[in-house]
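> The following comprises the amino acid sequence and a computationally predicted model.
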Amino acid sequence: MYETIDGNAVAKSIHAELGAELANLKFSRPPCVAFIRVGEDPASVSYVKKKGRVAEEIGITSRLHVLNESVSQDELNALIDNLNADENVDAILIQAPLPKHLSERDTFNRVRPDKDVDGFSSGSLGMLCQEDSRAFVACTPAGILELLKRSGVATSGKRAVVLGRSIIVGKPMALLLMKKGVDASVTVCHSRSEGLKEICAQADILIAAVGRPNTVTADMVKDGACVIDVGINRVESSETKTGYRLVGDVDFANVAPKCSKITPVPGGVGPMTVAMLMKNTVAAYKRHMGV
Ligand code: GUN
């Protein structure tokens, strides 16, 4: 029988740990995270709202800057520069994806390194590559590693396959899994990979971050594997009020019976991304307060 990894429960205990830590810190001001959202993409609206709600629960203040879809790179840069210079802002998060006319690379690189709680800048990714423990690690991969650890999934010497090569998940995930102390043997696959099924079927840990429903089917999964589903895909549904429901990248019903452990969607990786953002924000705050 497989075990469903409960990301909500793990995230909740991390929130409680952070809340307790903050309650014990007696600084002149609480932590502050600034969110930048460009446009009204419904998924981004909902993610940023969730991040703000959780921050408040823990005792982190937040600011939300909503920019028009047509904002120029210069205007966006000016806002980032303002937040970089603001002594009362510890952390900056620019919700991705950005509209096509903006450069995500230039935008992420503009964030001051000590406020880069998303870990998407070249400096943060470079430090992660160097295994520098001061690096802010991208929240979704950091959350997945935390889930693996807290669920007792062995990584040392194991074969991990990462599906997807994005800056947000795939690349930092691969770096985290191969780093000393985690010690997995990592393969990264993507849309051009040949022999995908055979490669995936060798994985002890299979991480799907593709953004397409039913990408991972039962024939791609080894018996006893741990499957981590990063996908959050909206599919039409007549059974919900919203008219859609969320599904992952994994064909859960057919894959789960083959697994030792598997994450559900929703309630798996998603809440962990938020928990890690809170953890990074508290870390940034403590550094700014001289701890
Ligand atoms: N879009 C999807 N995941 C993320 C994330 O972790 N951070 C930001 N900023 N945008 C995202």
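Nice, I can see it. Nothing here was measured: the structure is a model prediction, and the numbers come from that model.

> which secondary structure element contains Lys51?
helix 42-58 (DSSP states H and E).

> Kindly report the same for Lys12.
helix 7-24.

> just checking, what packs against the helix or strand just after that helix?
From helix 7-24 onward toward the C-terminus, using DSSP H and E, the following helix or strand is strand 32-38. Secondary-structure packing of strand 32-38 (3 or more Cβ pairs under 8 Å, 6 or more residues apart in numbering; DSSP states H and E): helix 42-58, strand 61-67, helix 73-85, strand 91-94, helix 269-288. C-beta here means a position set from N, CA and C on the backbone, and glycine is covered the same way.

> Can you name every helix or strand that the third one contacts?
By that I understand helix 73-85. On a contact count with 3+ Cβ pairs under 8 Å, 6+ apart, helix 73-85 meets strand 32-38, strand 61-67, strand 91-94, helix 104-110.

> likewise the last one?
Applying 3+ Cβ pairs under 8 Å, 6+ apart, one finds that helix 269-288 makes contact with helix 7-24, strand 32-38, helix 42-58, strand 91-94, helix 139-150.

> With distance to the ligand and mean pLDDT as added columns, please give the ones you listed in a markdown table.
A markdown table is the format used below for the helices and strands packed on helix 269-288 (distance: least, Cβ to the nearest ligand atom, whole Å; pLDDT from 0 to 100):
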| stretch | distance to the ligand | mean pLDDT |
| --- | --- | --- |
| helix 7-24 | 14 | 98 |
| strand 32-38 | 9 | 98 |
| helix 42-58 | 7 | 97 |
| strand 91-94 | 5 | 98 |
| helix 139-150 | 5 | 98 |
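
> between the helix holding Lys12 and helix 269-288, how many degrees?
Calculated by axes from the mean of the first three to the mean of the last three Cα atoms, to 10 degrees, helix 7-24 forms an angle of 20 degrees with helix 269-288.

> ok, which stretches of the stretch 151-291 of the chain are helices?
170-178, 196-200, 252-255, 269-288 (DSSP state H, counting those that start in this stretch).

> okay, whichever residue of the chain sits closest to the ligand: pLDDT?
Nearest to the ligand in the chain, going by Cβ to the nearest ligand atom, is Ala96, at a distance of 3.7 Å. Listed pLDDT for Ala96 reads 98.

> any idea which residue sits dead centre in this protein?
Nearest to the mean C-alpha position of the chain, by Cα atoms, centre = their mean, lies Thr140 at 1.7 Å.

> didn't it look like it was pressed against Ile168?
Yes. Contact criterion Cβ atoms under 8 Å: Thr140 and Ile168 qualify, at 6.4 Å.

> This protein against the ligand: which residues are in contact?
Taking Cβ under 6 Å from any ligand atom as the contact definition, the chain meets the ligand at 93-96, 118, 139-140, 168, 273.
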